[in-house]
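Undergrad: just coords:
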């Protein structure tokens, strides 16, 4: 039964990992064209979350970008998201002190925003960090604060998760029966509402409680449920921890073969994570399992690897356990001196941990006393200030009423003036757009007429002349020199016909009229590539079956044509990208090059007809235009219009 379960679990992990990679790929593709706004902040958060459980360094990288963008936008909620999720990543990596600092920063920002939901979330998360720093009374205090807020605001969707946090706190305080009761409350609410993002860890806590109550059957049952949920949630960190708990439970049952199997699975997952703390624990479990299975050589290897990590990172809890197992291994080998030394080191670390706890508790009491003392002084000062404020409010209120009456009268006058001016501006703008539309339509009609005249009129005449010359060639007797001159003339005639057709095609491409904008732009880019003056990559997304009216299509085509002509003439670029994308009802056109760029401010003073034509066409489409360029860094132009 266990073999089947673990095989299915392993296959499920492979499928889930593939899906996660695809999800990250999709998110990263959305990042490049994203605007510098709050939507990009949320996109960066989604990317960071996609890396959170399996590549914490990448998660941190995108969270730092999120922070920088939030600061530039003065987006306070974005800063909260940065601190909250950075704390989660630091916690996952085992950097608990850093996670504590980031959690406190997040709590400060949440209170500044006065958002009860955010305050509840970060109180709960801070309680979890206190758990991993060994301050279990603080863990329970923060968890109960969050629970009180949830119950006060009747946030039933959050109750399941909060009961789970309280259960964890009671477990750490060795109150296993109370912990089980809160776990059961959490499961009951989860089944009613479906709201709990960490059901895997809830089942793991239940398993730990039953393990401590010596009910190993129930412990393994809930560990297996937690493992299944961890795979569904792609939570490798939790899965590695649960395998470790199962190893201890199998040890209690003296089932050392099963203990070795789950310890091995814990180690495999731990190597994929970036938490040295959980890796040290997994190596310790493997050493312990190898020892109980009679393999002292393997036990030594695993315990020495665990010792190297624990000593380098000062992981005291892990060191205490490692030296205990090291003592057993040395004793089995008959090296009783090494066994005794390892036991002494383990006992010393145990005493050190107790001393640290005493010092921490004493420091907390001192801080509490100093805080209460300061609070008393602040209350006295506030009472005196309150009396002064009342007098000031009466005086200021009288003046304020007079000012408000004056301001309201003046504001009403200003609003009327502003409304009239706005109406005049709207009429002028509408008049300009109407004139622009007439000019552009007239221009396209004239282009179409000229293209038809060139192709059907002049083109037909030139083709007729070529046919006549070919007929004459067979009936004339010419000298060798005259024959060469005749052939050159024929070549020049061929070139003239090709050039005439090229000009006619540029004036009104047949592909644009017959097959639409996507095909016309693709042909245009291919034609430029054939000339060798510029290498263009054309990309179209979600536009295959999109119906775009001919006026809009022609206008967009002319804009791209003008932008590429500018690139060829002025940019000195070797490569360019033209991208046409439809998302919902928005059509986006992007033209980028790797040329020399220019000073964007010069656009406002540009006198050339090319940029003026582009701007007029963008205004005609009622589209937005965004130009990004720097000297030496190429140019990117983004145009967005509503279809």
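TA: Received the coordinates, thanks. Predicted model only: the values in this text are computed from it and were never measured.

Undergrad: Could you measure from residue 415 over to residue 563?
TA: From residue 415 across to residue 563, the span is 42 Å (Cβ to Cβ, to the nearest Å). Bear in mind the C-beta positions are built from the backbone N, C-alpha and C, glycine included.

Undergrad: More neighbours: which of the two?
TA: residue 563 (22 against 10; other Cβ atoms under 10 Å).

Undergrad: residues contacting the closest residue to the more buried one other than its chain neighbours?
TA: The shortest distance from residue 563 to any non-neighbouring residue, by Cβ to Cβ, 6 or more residues apart in numbering, is to residue 591 (4.5 Å). Counting by Cβ atoms under 8 Å, 6 or more residues apart in numbering, residue 591 touches 560, 563-564, 567, 576-579, 636-637.

Undergrad: Check for me that residue 591 belongs to a strand.
TA: Yes. Assessed with DSSP: H, G, I helix; E, B strand; the rest coil, residue 591 lies in a strand.

Undergrad: Let's see the pLDDT reported for it.
TA: You'll see residue 591 listed with a pLDDT of 93.

Undergrad: Give the buried residues for stretch 69-82.
TA: Buried residues in stretch 69-82, counted by 16 or more other Cβ atoms under 10 Å: 69-70, 75, 77-82.

Undergrad: any idea how far the residue nearest to residue 563 is from residue 103?
TA: 45 Å.

Undergrad: just residue 198 next, same as before
TA: For residue 198, the distance to residue 103 - Cβ to Cβ - is 17 Å.

Undergrad: who has more neighbours, these two?
TA: Legend: neighbour count by other Cβ under 10 Å for residue 198 and residue 103, higher for residue 103 (26 against 22).

Undergrad: For that one, which residues are in contact?
TA: Residue 103 neighbours (Cβ under 8 Å, 6+ apart): 83-84, 87, 122, 125-126, 129.

Undergrad: These in strands, which ones?
TA: Nothing among the contacts of residue 103 maps onto strands, per DSSP state E.

Undergrad: between those, which is nearest residue 610?
TA: residue 83 (48.1 Å; Cβ to Cβ).

Undergrad: you'd agree that closest one is up against residue 110?
TA: No. Look at residue 83 against residue 110 with Cβ atoms under 8 Å: they stay out of range, at 9.0 Å.

Undergrad: give me the number of residues near residue 117?
TA: 14.

Undergrad: before we move on, what about residue 132?
TA: Counted with other Cβ under 10 Å, residue 132 comes out at 15.

Undergrad: swap in residue 190?
TA: Other residues close to residue 190 by other Cβ under 10 Å number 19.

Undergrad: next one: residue 523
TA: Every residue meeting other Cβ under 10 Å relative to residue 523 is counted, giving 17.

Undergrad: after the strand or helix carrying it comes which helix or strand?
TA: With secondary structure defined by DSSP states H and E, residue 523 is part of helix 517-531. Using DSSP H and E, the helix or strand that follows helix 517-531 towards the C-terminus is strand 535-541.

Undergrad: neighbouring strands for that next one, and are they parallel or not?
TA: Take DSSP bridges as the rule and strand 535-541 pairs in its sheet with strand 575-583 (parallel).

Undergrad: Quick one: distance of the strand it pairs with to the chain centre.
TA: Computed by Cα atoms, centre = their mean, to the nearest Å, the separation of strand 575-583 from the middle of its chain amounts to 23 Å.

Undergrad: And the strands in the protein, which stretches?
TA: So, for the chain - with DSSP E - the strands run 535-541, 575-583, 586-593, 624-629, 635-642.

Undergrad: which of those is buried the deepest?
TA: For these, ranked by mean neighbour count under the definition mean count of other Cβ atoms under 10 Å, the leader is strand 586-593 at a mean of 21.

Undergrad: Could you quantify the relative orientation of that strand and helix 517-531 as an angle?
TA: 10 degrees (axes from the mean of the first three to the mean of the last three Cα atoms, to 10 degrees).

Undergrad: ok so, going back, contacts for the helix holding residue 523 next, please.
TA: 509, 511-512, 534-538, 540, 543-544, 546, 548, 553, 556-557, 560-561, 564, 568, 578, 580.

Undergrad: and if you look at stretch 288-302?
TA: 247, 251, 256-257, 259-260, 263-264, 283-284, 286-287, 325, 328-329, 332-333.

Undergrad: can you do 7 Å?
TA: 247, 251, 256-257, 259-260, 263, 283, 286-287, 325, 328-329, 332-333 (Cβ atoms under 7 Å, 6 or more residues apart in numbering).

Undergrad: Where does pLDDT dip in the stretch 51-200 of the chain?
TA: For the stretch 51-200 of the chain, the stretches flagged by pLDDT under 70 are 53-54, 196-197.

Undergrad: Walking through it, point out its helices one by one.
TA: Along the stretch 51-200 of the chain, the segments classed as helices by DSSP state H, counting those that start in this stretch run 56-73, 76-92, 96-113, 116-132, 136-153, 156-172, 176-193, 199-212.

Undergrad: how far is the third one from where the chain is centred?
TA: This points to helix 96-113. For helix 96-113, the distance to the chain centre is 21 Å (Cα atoms, centre = their mean).

Undergrad: so it versus helix 76-92, what angle?
TA: 160 degrees.

Undergrad: Just the buried positions in helix 96-113, please.
TA: Buried-residue list, helix 96-113, by 16+ other Cβ under 10 Å: 96, 98-103, 105-107, 109-110.

Undergrad: With the shortest one instead?
TA: With burial defined by 16+ other Cβ under 10 Å, the residues of helix 199-212 counted as buried are 199-211.

Undergrad: can you check stretch 225-244 too?
TA: 225-231, 233-244.

Undergrad: where's that stretch relative to the chain centroid, distance-wise?
TA: 23 Å.

Undergrad: again, but for stretch 629-643
TA: Distance, centroid of stretch 629-643 to centroid of chain: 23 Å (Cα atoms, centre = their mean).
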